[in-house]
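Novice: model this:
(one chain, ligands or ions: 2)
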Amino acid sequence: MEVKLEDLFNECIEELAKIGINFDSQIDIKISKRNNKRYGCCKYEQPILETAYRNKRNIYYKSYNKYHIEISRWVLDLNKEIIKNTIMHELVHCIPSCNNHGKEFKKYANIINNKLGYNITRLGNKREDFEKSNIKYDDDKSYKYKIICTNCGMIYYRNRISKNFLRIYRCSKCKGKLKFI
Ligand SMILES: [Zn+2]
Ligand SMILES: [Zn+2]
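Specialist: Residues are numbered from 1 along each chain as shown. Ligands and ions are numbered 1, 2, ... in the order given. Predicted structure coming up:
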């Protein structure tokens, strides 16, 4: 799993280099340990002092030496293009002045969307992404249990599960048998 994520990450970095977006900072990527509802996040450390600016109350930095991207495990069940889209979104956060979803973030997201055919948005569209990837969309649930239809491959997530779940339930799409993965 980690290997695949690393490969896709490298593909994204290479594609960005082709359109002139390069990174001086150190960036790493891993699967998030916690079961997050969000697609991913980008943590940063070691601010570059020369890029500091302040308003009345706070001091801000435009860039950092180190970025740590974390991708939620369930994202890896989605289509490859959606996984890469998620990685790209987090990579935009590694560009100077882009650690929020403000003007600069939008500017780079637009460039990448136009030149490389991505669809980087502020939040993503979970329902659409799940449907495209043959995963049953269910927003309230977390992703503790993962179940797959042995017939059509549809993936379901459940937070809690009753004892006889596999005997009682069938795939809602094709009525196929379910199993845990
Ligand atoms: Zn973001
Ligand atoms: Zn099915």
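Novice: Let me see the domain layout of this protein.
Specialist: When the chain is parsed with automatic domain parsing, its domains come out as 2-122, 134-180.
Novice: so who does the closest residue in space to Tyr61 that isn't next to it in sequence touch?
Specialist: The shortest distance from Tyr61 to any residue that is not its chain neighbour, by C-beta to C-beta, 6 or more residues apart in numbering, is 3.7 Å, and that residue is Pro47. Where C-beta positions appear, they are placed from N, C-alpha and C, glycine not excepted. Shown in contact with Pro47 (C-beta atoms under 8 Å, 6 or more residues apart in numbering): Tyr61, Ser63, Tyr64, Asn65.
Novice: Would you mind listing which of these are buried?
Specialist: The neighbour count (16 or more other C-beta atoms under 10 Å) marks Tyr61, Ser63, Tyr64 as buried among the contacts of Pro47.
Novice: how about the last one, phi and psi?
Specialist: Here is the backbone geometry of Tyr64 (degrees, to the nearest 10): phi -130, psi 160.
Novice: picking that back up, okay if I get the domains of the chain as TSV plus mean pLDDT and distance to ligand 2?
Specialist: Supplementary listing: these in TSV, determined by pLDDT from 0 to 100; distance: least, C-beta to the ion, whole Å:
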stretch	mean pLDDT	distance to ligand 2
domain 2-122	93	15
domain 134-180	86	3
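Novice: what's the most buried one of those domains?
Specialist: For the domains of the chain, the stretch with the most neighbours on average is domain 2-122, a mean of 16; neighbours defined as mean count of other C-beta atoms under 10 Å.
Novice: re earlier: quickly name whichever of the buried ones among the contacts of Pro47 is closest to Tyr169.
Specialist: For Tyr169, the nearest member of these is Tyr64. The distance, counting by C-beta to C-beta, is 46.8 Å.
Novice: what about Glu6, distance to Ile69?
Specialist: Computed with C-beta to C-beta, to the nearest Å, the distance linking Glu6 and Ile69 is 11 Å.
Novice: Find the nearest non-adjacent residue to Glu70, please.
Specialist: Leaving aside its sequence neighbours, Glu70 sits nearest to Ser32 (C-beta to C-beta, 6+ apart; 4.1 Å).
Novice: Settle this for me: that neighbour is touching His68, isn't it.
Specialist: No: with contact taken as C-beta atoms under 8 Å, Ser32 and His68 are classed as non-touching, separated by 10.4 Å.
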